[in-house]
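A.B. asks: this one's sequence-less:
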Ligand SMILES: Nc1ncnc2c1ncn2[C@@H]1O[C@H](COP(=O)(O)OP(=O)(O)OP(=O)(O)O)[C@@H](O)[C@H]1O
């Protein structure tokens, strides 16, 4: 077992920032001057803005620059409420956060629906439009000259002194960061990391790409709204110039320098950028240039920002203190039953332009059996897997799993219907432990809402406990439990392939699709994998094995479907396929005399002897018996 890296001795790491936050809260009483307190206030507001960006950029991998617009939304909401007589700071903050959330949802839906860079573009234009929108409603907002007449804030009917207003600001900031920390160390953040790694992986695990991105972007709007409301109460004047493109770039620079995939990176980056902005305040014309320089420096020299650097150093230190992990070996006996379903593919066709990749393919894969799909390169195996997984729409035919029809479903709904898959190149999120990687396989099937997560309500705790228990069980099964805290992407290929299988089987899939799962493995690893597949079969799983390693196919498969040019050229038992003349001639490129069974097998064996290890067989020259 490696050393857990989220503790300093007996103290959890989160205690340190919390203690620092409490010290910052009492700065005015510690003899710190007004101008410093003002800078701290601005840095706190900036850290809230940056934390929102971190949620979408750092965790969901979606660049969204709209924080400045949501900040404006919060500020004007609080300002207008104040002018209308509602001076209570708590109500203003709640209203500011809600309006910002609304802006996030309204701009996020079209931005995310449109595709790849559209949210970045939508949010960028949103920031540019802020002054114009405010100008349109100038009667209420004061237009370009700003909103005046904001009354000093009150709390439960009592006027707030400057010091007490400062305390409210620090408390709100601390509370938000506790909320954010609870999101970031939860299964939701784990799912966001999956999304950041690859939308295809996300869909294959049943995680809706659109919903997760919208969740991250909308949640990220809330702190901007809180900050806006507090900004209005602090300055009692709101000008459109505050919410400029320069602010958007400052937020981005702070996120990059602090570390966008980090909670506390937002605070570090914000304090640093606030210091830089303040120090360069005498050179307004250079401010964008200075921010740009920080952005480039952070992007080039600090991948993962300052917190990323600190995390790397800490891990090295922790690894040095920890003993080498001890392999426990697989515990193959401990396999609960798997509810495999019948996968039925009927007459599936798919053309890409004029290229018919699949042409009326029909086969079934039954529970408790391994069904292998073989065929030469370009015969349509991967296309068929992608059709089953919902990444391509069929031109004709139907696909069912048990009683559910799969064709026509979106990829994440196909996964939820029970289809689990591995990838030709293992697809594992960065910055994720072995345990978290496996747990991601349970995210879609076992829900706890964001509110339950933030408040750590009983259902969240129940789901979380089950996540860990089940993940340890399947890690035991594949023999990787001793690596549960190791970084998953750092594992060698063989272990990453086992890990993918563990992630697939954790939530009892109806069918398990293994895409060239043995490629690149040595003999021992292939044997271990084969043992694992046999175990899933024995437990009742439905396994579809797309594989070029014919030895493995012959030793594992109960049935083999051979494809050629998008059509099924043979479908039978390994014994039948071994002697099928079409398979021999079209898959192996061998000319075969009719009925020459034993010679066909001899040629087949020769072809596989000559094949590169684990690779597809090459054509064997000459006729049988030569
Ligand atoms: N997205 C696509 N656009 C156009 N053509 C495609 C696409 N995907 C696959 N094809 C074509 O469909 C045919 C089948 O390809 P596919 O990748 O499914 O074969 P395969 O049997 O998996 O090959 P390999 O063993 O090399 O992975 C090929 O002619 C390929 O060029």
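C.D. replies: All right, it came through fine. These figures come from a predicted structure and were not determined experimentally. Residues are numbered from 1 along each chain as shown.
A.B. asks: show me what contacts the closest residue to the ligand within the stretch 101-250 of the chain?
C.D. replies: Ranked by Cβ to the nearest ligand atom, the top residue of the stretch 101-250 of the chain for proximity to the ligand is residue 200, at 12.6 Å. Yep, even glycine has a C-beta here, placed from its N, CA and C like the rest. Residues near residue 200 by Cβ atoms under 8 Å, 6 or more residues apart in numbering: 391, 411, 427.
A.B. asks: Keep only those that also lie close to the ligand.
C.D. replies: With Cβ under 6 Å from any ligand atom as the criterion, the subset of those in contact with the ligand is empty.
A.B. asks: looking at these, which has the most residues close by?
C.D. replies: Per-residue neighbour counts (other Cβ atoms under 10 Å) across these peak at residue 411, which has 24 neighbours.
A.B. asks: Next, work out how far apart residue 290 and residue 276 are.
C.D. replies: Distance from residue 290 to residue 276, counting by Cβ to Cβ, to the nearest Å: 6 Å.
A.B. asks: Let me fix that, I meant to ask about residue 160.
C.D. replies: In terms of Cβ to Cβ, residue 160 sits 30 Å off from residue 276.
A.B. asks: Quick check, pLDDT for the residue of the stretch 101-250 of the chain closest to the ligand.
C.D. replies: We note a pLDDT of 94 for residue 200 in this prediction.
A.B. asks: Could you point out the helix or strand that follows the helix or strand where it lies?
C.D. replies: Element membership of residue 200 [criterion: DSSP states H and E] is helix 199-204. Heading C-terminal from helix 199-204, the first helix or strand you meet, by DSSP H and E, is helix 209-235.
A.B. asks: List the contacts of the helix or strand following that following helix.
C.D. replies: Under the assignment DSSP H and E, the closest C-terminal helix or strand after helix 209-235 is helix 245-258. Here helix 245-258 makes contact (Cβ under 8 Å, 6+ apart) with 46-47, 49-50, 53-54, 57-58, 65, 67-68, 71, 124, 127-128, 264-270, 272-273, 277, 287-288, 291-292, 294-295, 297-299, 302, 305-307.
A.B. asks: Any regions of this structure where pLDDT drops low?
C.D. replies: Low-confidence segments of the chain (pLDDT under 70): 1-9, 115-116, 281-285, 318-336, 588-626.
A.B. asks: what does it have sitting close to the ligand?
C.D. replies: The interface of the chain toward the ligand, taken as Cβ under 6 Å from any ligand atom, is made up of 352, 355, 357, 375, 377-383.
A.B. asks: Dump these into a markdown table; add neighbour count and secondary structure as well.
C.D. replies: As requested, the residues of the chain next to the ligand are exported to a markdown table (neighbours: other Cβ atoms under 10 Å; DSSP: H, G, I helix; E, B strand; the rest coil):
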| residue | neighbour count | secondary structure |
| --- | --- | --- |
| 352 | 10 | strand |
| 355 | 9 | strand |
| 357 | 21 | strand |
| 375 | 25 | coil |
| 377 | 8 | coil |
| 378 | 14 | coil |
| 379 | 23 | coil |
| 380 | 24 | coil |
| 381 | 22 | helix |
| 382 | 16 | helix |
| 383 | 20 | helix |
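A.B. asks: Now flag whichever of the residues you listed is closest to residue 32.
C.D. replies: Distances from residue 32 to the residues of the chain next to the ligand, taken as Cβ to Cβ, are shortest for residue 382 (62.9 Å).
A.B. asks: List the contacts of that closest one.
C.D. replies: Remark: with contacts taken as Cβ under 8 Å, 6+ apart, residue 382 is in contact with 424, 515, 546.
A.B. asks: Among the residues you listed, which are located in strands?
C.D. replies: Counting by DSSP state E, the part of the contacts of residue 382 found in strands is 515, 546.
A.B. asks: between the contacts of residue 382, which has the most around it?
C.D. replies: Greatest neighbour count in these, by other Cβ under 10 Å, goes to residue 546: 24 neighbours.
A.B. asks: tell me the phi and psi of residue 425?
C.D. replies: As for residue 425, its main-chain torsions (degrees, to the nearest 10) stand at phi -110, psi 120.
A.B. asks: residue ranges of the helices in the stretch 351-500 of the chain, please?
C.D. replies: The residue ranges that make up the helices of the stretch 351-500 of the chain, judged by DSSP state H, counting those that start in this stretch, are 381-388, 411-416, 434-439, 450-454, 458-478, 493-505.
A.B. asks: now, of those, which is deepest in the fold?
C.D. replies: With neighbours defined as mean count of other Cβ atoms under 10 Å, these peak in mean count at helix 434-439, which reaches a mean of 26.
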